[in-house]
Structures are given as structure tokens and as C-alpha cells.
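1. Below are the sequence and a predicted model for it; my questions follow.
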Amino acid sequence: MDTLSWPAAATRFLALRLPEGAPLRESLQEAFDAQPEEGGFLAAAVGSLVHARLRPAGLTEPRDIIGDLEIMTLSGTFSADGPHLHLAVANADGRMTGGHLLDGSVVRTTAEVVIALAGGVRFTRPEDPGTGLRELAFE
């Protein structure tokens, strides 16, 4: 297990309110990329989507969920190599689905998101020889 710690005082928070029609993942990545920090994570997120594009666990093909959707959870990390984000949404019947958040998810009315930016920390996503996937690394 790899670990890294930093003082809480070195963390800065960025609050975003994404409007109707905004692309969720792309907007979050753009907001992070505009900051000087090289590592971050989602601290809070609420809102709604009209289209969620997800890749559920174990599947290679994306799944599109269309309709009035509430964001139930949105979590993940941001690095210089891009974000790794997971989303769970509920439809009007309260049925939930989730997976890796992909490009193409669209805000319905608003998305209120707080990104924690870690000063003095660098997150990257190199390929892990054990999993063959791009996994989180830090320094």
C-alpha cells in the first residue's frame, strides 16, 4: 500500500456551479486544469443530469442513462493525467445506477461541486504493471 499525507492547511477548495447544459466531466477537468495544483479530489457534489454516460464495473462499453437524474454521489481524484471519477445517479423512480463517469454527461438544472486542491502534492496516473490500468500515483 502506498500512502502520502500533507497538512490540511495546504488544501485549497474550489467551488463550482455548473449551469444547465454543461458537460459534467469535461467542466470538472477544465476547472482543475486551470489551477496551479497538480493533485485534487472531489469534496462535495449535488445536482441533476439529463444524460449520464457511465461505464459500469466489469464492462468495456459505456452505458447512457437518459432522463431526469439526481446526482447521488460523485467522487474521485484529479491528476495531471486527467480525472478518475465515479458517479451514481437516481432516476425519477428512485432507481440508482453508477460507474465510471465518462465524457458526454450533461447537467439538467445545476451541479454544485467543490474540488479540494492539494498544494505541494502531485498526482499522476501511470500504467500499473500489476493491473494493466492507469492507477493513481503520488509524490
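-> That came in fine, so what should we check first?
2. all strands of this protein, in order?
-> Under the criterion DSSP state E, strands of the chain are mapped to 11-19, 39-55, 63-79, 84-90, 96-101, 106-118, 123-124, 137-138.
3. Could you pull up the contacting residues of L54?
-> For L54, the set of contacting residues under the criterion of C-beta atoms under 8 Å, 6 or more residues apart in numbering consists of 62-63, 65, 87, 97-102, 105. C-beta coordinates here come from the backbone N, C-alpha and C atoms, glycine included.
4. Quick one, which of those residues are buried?
-> 65, 87, 97-102, 105 (16 or more other C-beta atoms under 10 Å).
5. hang on, the earlier thing: using JSON lines, lay out the strands of the chain together with distance to Q29 and mean pLDDT.
-> What follows is these, written out as JSON lines (distance: least, C-beta to C-beta, whole Å; pLDDT from 0 to 100):
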{"stretch": "strand 11-19", "distance to Q29": "12", "mean pLDDT": "98"}
{"stretch": "strand 39-55", "distance to Q29": "11", "mean pLDDT": "98"}
{"stretch": "strand 63-79", "distance to Q29": "7", "mean pLDDT": "98"}
{"stretch": "strand 84-90", "distance to Q29": "9", "mean pLDDT": "98"}
{"stretch": "strand 96-101", "distance to Q29": "10", "mean pLDDT": "97"}
{"stretch": "strand 106-118", "distance to Q29": "10", "mean pLDDT": "98"}
{"stretch": "strand 123-124", "distance to Q29": "13", "mean pLDDT": "94"}
{"stretch": "strand 137-138", "distance to Q29": "18", "mean pLDDT": "90"}
